[in-house]
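Peer 1: 3D model of this:
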Amino acid sequence: MASLPTSSSNPTATTRDEVYIAAMPLRATKGPPQLLLKAAFALNIRPLQHFMLIIKPANSMPSNPNSQGLVFDFQPQDPEDIFVALAALSGRAVPGTILTRKISKLPNKRCWYIGLSNSNNAVEAAYKFNSSWPTDLRIGHHDCRHYTNG
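Peer 2: I've put the predicted structure just below:
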């Protein structure tokens, strides 16, 4: 009986991290603003979507099966504040923040595989990038789309 190849015996196995971009609806206060943003997301109106980077580290997949990766995203410090939303939509800069969190699985919708990282440690490279990323957020000029392209 033939055995299945392990990652160490598989010649196509890689030790580089996988990189994904995912989109989700923008957050808003409950009620009509939230319904409007969800409708815009369903209609695939790109400026009203939130984009984030997901890194699936190659070295942590077998050792931690409950964690599929890390999410890095750039958003307003208070994305549900109506005054912040109005200022951002009018083109003014608002205070932003970079968030990092673990995810148990990759999103099954609106998540695109970008490729393998050029770096040996994409997570470390992302943290280094974050340390120099200016956190003044301006929609259309310096927002989550620009962050994920960085």
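Peer 1: counting contacts, what elements does the longest strand belonging to the chain pack onto?
Peer 2: The single longest strand within the chain, with elements called by DSSP state E, is strand 94-103. Contacting strand 94-103 under the criterion 3 or more C-beta pairs under 8 Å, 6 or more residues apart in numbering; DSSP states H and E are the following elements: strand 69-76, helix 82-89, helix 122-132, strand 136-137. C-betas here are computed from N, CA, C, even on glycine.
Peer 1: now with 6 Å?
Peer 2: For strand 94-103, the packing partners by 3 or more C-beta pairs under 6 Å, 6 or more residues apart in numbering; DSSP states H and E come out as strand 69-76, helix 82-89.
Peer 1: tell me which helix or strand of this structure sits lowest on mean pLDDT?
Peer 2: Across the helices and strands of the chain, the lowest-confidence element by mean pLDDT, DSSP states H and E is helix 32-42, at a mean of 59.
Peer 1: tally up the residues packed near residue 113, please.
Peer 2: Number of residues near residue 113 (other C-beta atoms under 10 Å) recorded here: 12.
Peer 1: ok, and the closest non-adjacent residue to the residue positioned nearest the centre of the chain?
Peer 2: A centroid search over the chain (C-alpha atoms, centre = their mean) returns residue 52, at 1.9 Å, as the residue closest to the centre. Closest residue to residue 52 apart from its sequence neighbours, by C-beta to C-beta, 6 or more residues apart in numbering: residue 73 at 3.6 Å.
Peer 1: what's across from the one you found in the sheet?
Peer 2: Beta-bridge partners for residue 73, by DSSP bridges, are residue 99.
Peer 1: got a pLDDT number for it?
Peer 2: Per-residue pLDDT puts residue 73 at 91.
Peer 1: how close does it sit to residue 80?
Peer 2: Here the criterion is C-beta to C-beta, to the nearest Å. By it, residue 73 lies 15 Å from residue 80.
Peer 1: against which helices or strands is the helix or strand just after the least confident helix or strand of the chain packed?
Peer 2: Per DSSP states H and E, the first helix or strand lying C-terminal to helix 32-42 is strand 49-56. Here strand 49-56 touches strand 18-25, strand 69-76, helix 144-149, going by 3+ C-beta pairs under 6 Å, 6+ apart.
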